[in-house]
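Just a sequence and a predicted model for now, questions to come.
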Amino acid sequence: MKTAWMKIALPVLILLIGFGGLSVIKASADQEEEKEVVDTRPTVKVETAIAEDYQVNITSYGEVAPLESTMLSAQVSGEVTSWHPNFVAGGLVLRGDTLFNIEKDTYEAALLQAEANLTLAKSQLIEEQARADVAKREAKGLSQSKISDLYLRKPQLLSAQAAVKSAQARLKIAQRDLENCEVKAPYDALVVKRNLGVGQYVNQGAQIAEIYNIETAEISFPIAGFDREFLPLNIAQQEATVSTKGYNSISRTATISRDLGIIDQDTRMSQLVVRVEDPYSLKSSQPALKFGHYVEVSFAGKTLSQVYRLPQSLVTNRIIWVLDEEQQMQPKRVEILREEGAYFLISEGLQNQDKLIMTLPEYPQKGMKVKIAEPDQDLVVQQ
């Protein structure tokens, strides 16, 4: 009895299980059909291209050097009696400071002698002038045939006048020699080296020191050929900025002085010169810009009309990607006018209101459909 019941129930159970399985499969299929289609388009960020007038910035490098250097020489001979406490290597002296003194006794005596000679010459001139006046009055009663220049004492008068001028010249020389016993700084200066000491005898013309002018410094720097066409027309007297690099950087305002007027045959570069006033900051509280500093020089160049300034990362082999009206990627070939830092200045190939793709997919292709990211959406895109 039990065996017969099992023979009837088992086929029924198998049919029920099969029917249930088919129902589950059908329900799963219906759910899959109801799912939304997944959007596989890559997401990109887009910005609008806008042309603008842009002023080029030109940058180069050079070394700070003095406007002039002077080898000081003694203009008179004598023993050194004293020197300025700052008249040492590395010392700073001001225009007009007495750098050292030469013993004056001999030159003071020479000045007194020159003054005495001038006084004597003047007295002889007065005496000779009086004699000439007497001769002129006496000549009024004589016939013209008896009157001569010698009788009127004209040669003697000219000789006395010449003696006065000669005495005046010797007096000037004596005064100058006495003044030259005090050797003064011709400008605000940095003392580079000094070759004298107290008690030392120096000869006229002997070189005793080297000084650098610190009233003005100059920096000569090269301009590459691709930068020359962007120089402003009136380059002289244009303002520039001179700065050092490093933790304690220094920045000073400078003025472009001149173009050296020569293009180097090897490098094809020209040279400009800028001047920095008071580089050692004697008259200000700014940090000193010392001679020998290697500095960056930057100044404004020409203003370019209606160009596009784009990051270099967007341009590959002069190709940039834009988004068309159907949200498809399209390549555009552009003309690079100038490279400036991390940017390119584009003159041709783009139009105002072009949609620039700022974040490219990993493998960009012409006609690839993309979707635009929300303004606050962050993307991580391999480029």
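Nice, I can see it.

The host helix or strand of Asp53 packs against which elements?
Following DSSP states H and E, one finds Asp53 within strand 52-66. Judged by 3 or more CB pairs under 8 Å, 6 or more residues apart in numbering; DSSP states H and E, strand 52-66 is in contact with strand 216-223, strand 294-311, strand 335-340. (C-beta placed from N, C-alpha, C; glycine too.)

and stretch 123-142, how far out from the chain's middle?
Centroid separation between stretch 123-142 and its chain, computed with CA atoms, centre = their mean, to the nearest Å, is 72 Å.

Going by neighbour count, list what's buried in it.
Gln124, Leu125, Glu128, Ala132, Ala135 (16 or more other CB atoms under 10 Å).

Can you flag which of the residues you listed belong to helices?
Gln124, Leu125, Glu128, Ala132, Ala135 (DSSP state H).

sec struct for the closest residue to Gln124 other than its chain neighbours, please.
Excluding its sequence neighbours, the residue lying closest to Gln124 (CB to CB, 6 or more residues apart in numbering) is Ala160, at 5.1 Å. Secondary structure state of Ala160, per DSSP: H, G, I helix; E, B strand; the rest coil, is helix.

Of all the helices and strands packed on strand 52-66, which one is nearest Asn248?
Counting by CB to CB, Asn248 lies closest to strand 294-311 out of the helices and strands packed on strand 52-66; the figure is 13.6 Å.

can you pull the buried residues of the helix or strand following the closest one?
Proceeding N to C from strand 294-311, the next assigned helix or strand is strand 319-323, under DSSP H and E. Neighbour-count burial for strand 319-323 flags Ile320, Trp321, Val322, Leu323 (criterion: 16+ other CB under 10 Å).

now the helices: where do they sit in the chain?
Going by DSSP H, the chain shows helices at 2-34, 105-138, 154-179, 225-228.

From the chain's centroid, how far away is the shortest one?
When you say that, I think you mean helix 225-228. Worked out by CA atoms, centre = their mean, helix 225-228 lies 17 Å from the chain centre.

contact partners of it?
Under the contact criterion CB atoms under 8 Å, 6 or more residues apart in numbering, helix 225-228 has outside partners Ile58, Ser60, Arg268, Met269, Ser270, Gly301, Arg338.

Closest one of those to Leu233?
Gly301 (10.5 Å).

now that closest one: how far from Asn117?
66 Å (CB to CB, to the nearest Å).

who has more neighbours, the two?
Gly301 (21 against 18; other CB atoms under 10 Å).
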